[in-house]
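S.K.: here are the coordinates; sequence isn't available:
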Ligand SMILES: Cc1cc2nc3c(=O)[nH]c(=O)nc-3n(C[C@H](O)[C@H](O)[C@H](O)COP(=O)(O)O)c2cc1C
């Protein structure tokens with residue numbers, strides 16, 4: 001069974017709505033799923049305090065994503081609000097701490113896709129997704145974008161080949177129905193690509209030797225991953 005970790009940050013529920021729909025769609029596609037929030041920062045930037053505290057209650061039972069979750073997953077979905085055209089710092093902070101598994105190649109060959117929620121159209125959702133893609137190059141991921149060849153992506157509320165983007169218009173939990181259909185497609189595509197890739201890898205003898213953390217610490221004795 002393909003294992004999918006859906007890892008998100010959200011402050012006013014929009015990215016969470018997309019993440020929850022993604023988890024449902026991946027489960028329907030036969031995947032084993034983990035819906036996970038990233039850890040909060042000491043000084044989160046909060047605009048809508050009421051929505052934020054509602055979300056904290058709604059997501060209280062969700063586990064905080066760990067490096068073990070990254071290693072466990074065959075496929076990963078990362079969801080983030082747009083912050084000045086970039087991913088939220090909570091997501092960057094999570095990626096920053098991935099060194100102990102990313103550097104020794106434990107994330108290599110995982111299928112990964114990204115989605116985002118911004119407040120306004122043409123306001124940085126695609127640049128945010130692409131910014132996360134930068135880090136995925138470092139992980140050695142198989143980046144899975146949406147493309148544009150399914151009907152739902154042609155709706156006026158979708159259209160991003162990079163990954164699903166919702167436009168919240170500064171409202172909490174304001175994901176359009178079309179975006180929910182798009183994220184369902186995105187999850188299904190990820191599961192199908194990951195499954196096909198896993199089968200292909202099992203049938204392919206690899207000549208690649210990835211470095212271990214021990215190799216690295218021998219070479220750089222002052223390197224610390226903690
Ligand atoms: C510090 C900060 C910067 C933001 N920058 C942008 C931006 O560049 N573009 C945009 O569309 N929305 C921006 N927003 C708005 C959020 O991305 C938007 O409200 C999003 O839907 C929130 O997602 P959430 O409901 O999952 O928290 C910003 C919000 C904050 C707090």
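M.R.: Looks like it came in fine. Only a predicted model underlies this, so the values are computations on that prediction, with no experimental measurement involved.

S.K.: middle-most residue in the chain, spatially?
M.R.: For the chain, residue 78 is the residue whose C-alpha lies nearest the centre (C-alpha atoms, centre = their mean; 0.7 Å).

S.K.: which residues does the residue in the chain that the ligand sits nearest to contact?
M.R.: Among the residues of the chain, residue 118 lies nearest to the ligand; the distance is 2.7 Å by C-beta to the nearest ligand atom. The C-beta positions use only the backbone N, C-alpha and C, and glycine is treated the same way. The contact partners of residue 118, taken as C-beta atoms under 8 Å, 6 or more residues apart in numbering, are 81, 82, 124, 125, 128, 165, 166, 167, 168.

S.K.: Please repeat the previous calculation with a cut-off of 10 Å.
M.R.: With contacts defined as C-beta atoms under 10 Å, 6 or more residues apart in numbering, the neighbours of residue 118 are 14-15, 80-83, 85, 124-128, 165-169.

S.K.: hmm, the helix or strand containing residue 193 touching the ligand?
M.R.: With the criterion set as DSSP states H and E, the secondary-structure element containing residue 193 is helix 177-202. No - contact between helix 177-202 and the ligand, assessed by C-beta under 6 Å from any ligand atom, is absent, since the two come no nearer than 10.9 Å.

S.K.: what comes up buried for that helix?
M.R.: 178-195, 197-198 (16 or more other C-beta atoms under 10 Å).

S.K.: coming back round to it: check the contacts of residue 118 against the ligand, which are close?
M.R.: Taking C-beta under 6 Å from any ligand atom as the test, the ligand is in contact with 14, 15, 81, 82, 83, 85, 124, 168 out of the contacts of residue 118.

S.K.: okay, the angle between the strand or helix carrying the second one and helix 177-202?
M.R.: Okay, so that is residue 15. According to DSSP H and E, residue 15 maps onto helix 14-28. In this structure, helix 14-28 runs at an angle of 50 degrees to helix 177-202, with axes from the mean of the first three to the mean of the last three C-alpha atoms, to 10 degrees as the basis.

S.K.: For helix 14-28, name the packing helices and strands.
M.R.: Identification of packing neighbours for helix 14-28 by 3 or more C-beta pairs under 10 Å, 6 or more residues apart in numbering; DSSP states H and E yields strand 3-8, strand 32-37, helix 49-58, strand 75-83, strand 111-118, strand 165-167, helix 177-202.
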